[in-house]
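Novice: got a structure for you, letters missing:
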């Protein structure tokens, strides 16, 4: 903006406006003052909206200056001063001059920005034209038989061939694209001039050239010159995955939990591993526990025990018919873990004599044992340090003897696992659904790359195990309660016998008399020796004998087996009660 233009812009409009204001006030007096105030309000409103909505810069400043001009003229006229015209002219001229300077500055800044953007766009177009000219020149210089084969059998194949050729100037020997339910998969054969690590590192450029929305997952192909690209369209894990009856035949077989993002089954090896299952309420932790129990209960070389310290055992009560026993009190949990330690010692002796390093049910005669603990935090809270140390010892030693722990918790923490060391180091399999509390996430996966924030719907989970070393989302099969009940009823009829050797006998609940405890144990375990009844009732030998004598004729002794049992009277209803209580 030149000086003459700046001077004219700063003086002419204020002079004209001030003169009109003076003439109007001289002619109409205070009526003119009201009109000038109305004009000031209108101009101020235009200026406010123009600045707020980022409209024309000249409009914003001119209307703002006009508002000040009419306000000052009205004030001067209303005051009735002798020199209002000169005062108004000086003030409005200074305001107009300042506004013109601001307008000049911002206009120059905006023009510079626009010009820089235009230069960037022109530079990008020039580079693209150079690349296009070079490509045309290279193609024109080639013999017909040397021209690249960029046409594929599918649109995706053609786009991949074209994008790779434009970026790396090499032709792909082969690209096989197969569509899937979740998108498509491309197996790319790479030429010697293009290393797959280089292509992997610059895949973002190829993906940009393909111009598709979605996620790409890259894996190495079976050959060193192959790269497998999987394209995912949308969220394939948003749908419910129905329950499928397990087909495993041994505890060594992997347990199928659900599917991955490509619709393929995902499984985990629980044999000779302890397992942690974590997750906030309502996101599928209990569903995973049900799926694992139903899978293990169907195996002929496996037995299951449960621990649920919550009142009424709400999580495992549905699974009770396929559990050989269920501990629901501190005393019962303590007895179960002490039995596991004794079983571990016995199995150690058997393995030492056989020269074996791992327990094999087919060779050593006793099945694999899995103990499912629902809410391990409640177990260690009620059981105290002694029970926590026993749990820690079993986690460190038991798996080689075919004794496995599956620990489920909503709030994993160092206090939950107890003991003098971090017991999580012995949990080789770690599974987690969504965790609402960020603090709890670190107690499942130590590596921050295992982010649980993407598990946005129930059933999604991450899994870390010797076979699953990179974070990948999965979706668990959904086990409805009615489906679980039907499976439990079916499997309960085929339940394999408890381990040969010393039988687990859990103590009867507190608050019962000696006779009631004895009857409770006989209904729960069937035929029992007096030694086993002592374990169940907490009574000594003579007290047990007196209780049994008092229970006659409901209870009788089997002299051939040397055990006590509920009297067999031909009452099928009573026998059914005994059977159901097991």
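Specialist: On my side now, so go ahead. The model shown is predicted, which means the values in this text are computed figures rather than measured ones.
Novice: quick one: contacts for the residue nearest the centre of the chain?
Specialist: The C-alpha lying nearest the average C-alpha coordinate of the chain belongs to residue 455 (C-alpha atoms, centre = their mean; 2.6 Å). Applying C-beta atoms under 8 Å, 6 or more residues apart in numbering to residue 455 gives the contacts 283, 432, 433, 434, 461, 462, 473. Just so you know, the C-beta spots here come from the backbone N, C-alpha and C atoms, and that holds for glycine as well.
Novice: can you tell me which of these are in strands?
Specialist: Among those, the ones falling in strands (DSSP state E) are 432, 461, 462.
Novice: reformat the contacts of residue 455 as TSV; add pLDDT, distance to residue 69 and neighbour count.
Specialist: Formatted as TSV, those follow (pLDDT from 0 to 100; distance: C-beta to C-beta, whole Å; neighbours: other C-beta atoms under 10 Å):
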residue	pLDDT	distance to residue 69	neighbour count
283	92	66	23
432	94	69	27
433	94	68	26
434	91	63	24
461	96	70	27
462	95	68	22
473	93	66	18
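Novice: which one of the ones in strands among the contacts of residue 455 is nearest residue 123?
Specialist: Within the ones in strands among the contacts of residue 455, proximity to residue 123 (C-beta to C-beta) peaks at residue 462, which comes in at 44.8 Å.
Novice: I'd say the closest one and residue 471 touch.
Specialist: Yes - with contact defined as C-beta atoms under 8 Å, residue 462 counts as touching residue 471 (5.7 Å).
Novice: pull the number of nearby residues for residue 122.
Specialist: By other C-beta atoms under 10 Å, the residues close to residue 122 number 10.
Novice: how much space between residue 162 and residue 170?
Specialist: Distance, residue 162 to residue 170, by C-beta to C-beta, to the nearest Å: 12 Å.
Novice: one step back: anything in contact with each of residue 462 and residue 471?
Specialist: Common neighbours of residue 462 and residue 471 are listed as 445, 450 (criterion: C-beta under 8 Å, 6+ apart).
Novice: now the residue nearest to the centre of the chain: how far from residue 264?
Specialist: Relative to residue 264, and taking C-beta to C-beta, residue 455 is found at 19 Å.
Novice: and if you look at residue 240?
Specialist: 17 Å.
Novice: which one of these two is surrounded by more residues?
Specialist: Remark: of residue 240 and residue 264, residue 240 carries more neighbours, 13 against 8, as counted by other C-beta under 10 Å.
Novice: and the nearest residue to the more buried one once chain neighbours are set aside, how many neighbours?
Specialist: In this structure, residue 240 finds its nearest non-sequential neighbour in residue 478, 5.2 Å apart by C-beta to C-beta, 6 or more residues apart in numbering. The local packing of residue 478 (other C-beta under 10 Å) involves 17 other residues.
Novice: pLDDT value on residue 478, please?
Specialist: Here the pLDDT value assigned to residue 478 is 96.
Novice: what of residue 285?
Specialist: Here, the pLDDT recorded for residue 285 equals 93.
Novice: and it, what does it touch?
Specialist: With C-beta under 8 Å, 6+ apart, residue 285 has these contacts: 277, 278, 279, 408, 410, 433.
Novice: doesn't residue 43 fall inside a helix?
Specialist: Yes - residue state for residue 43 (DSSP: H, G, I helix; E, B strand; the rest coil) corresponds to a helix.
Novice: hmm, it is touching residue 64, no?
Specialist: Yes - using C-beta under 8 Å, residue 43 is in contact with residue 64, at 7.5 Å.
Novice: could you chop this protein up by domain?
Specialist: What automatic domain parsing lists as the domains of the chain is 3-112, 155-232, 243-492, 514-581.
Novice: mind putting these into JSON lines with distance to residue 123?
Specialist: JSON lines is the format used below for those (distance: least, C-beta to C-beta, whole Å):
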{"stretch": "domain 3-112", "distance to residue 123": "16"}
{"stretch": "domain 155-232", "distance to residue 123": "19"}
{"stretch": "domain 243-492", "distance to residue 123": "38"}
{"stretch": "domain 514-581", "distance to residue 123": "82"}
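Novice: among these, show me which one is buried the most.
Specialist: domain 243-492 (a mean of 19; mean count of other C-beta atoms under 10 Å).
Novice: centre of the chain to that one, how far?
Specialist: 19 Å (C-alpha atoms, centre = their mean, to the nearest Å).
Novice: quick revisit: for the residue nearest to residue 240, give the beta-bridge partners.
Specialist: Beta-bridge pairing for residue 478 (DSSP bridges): residue 242.
Novice: this completes my enquiry, with thanks.
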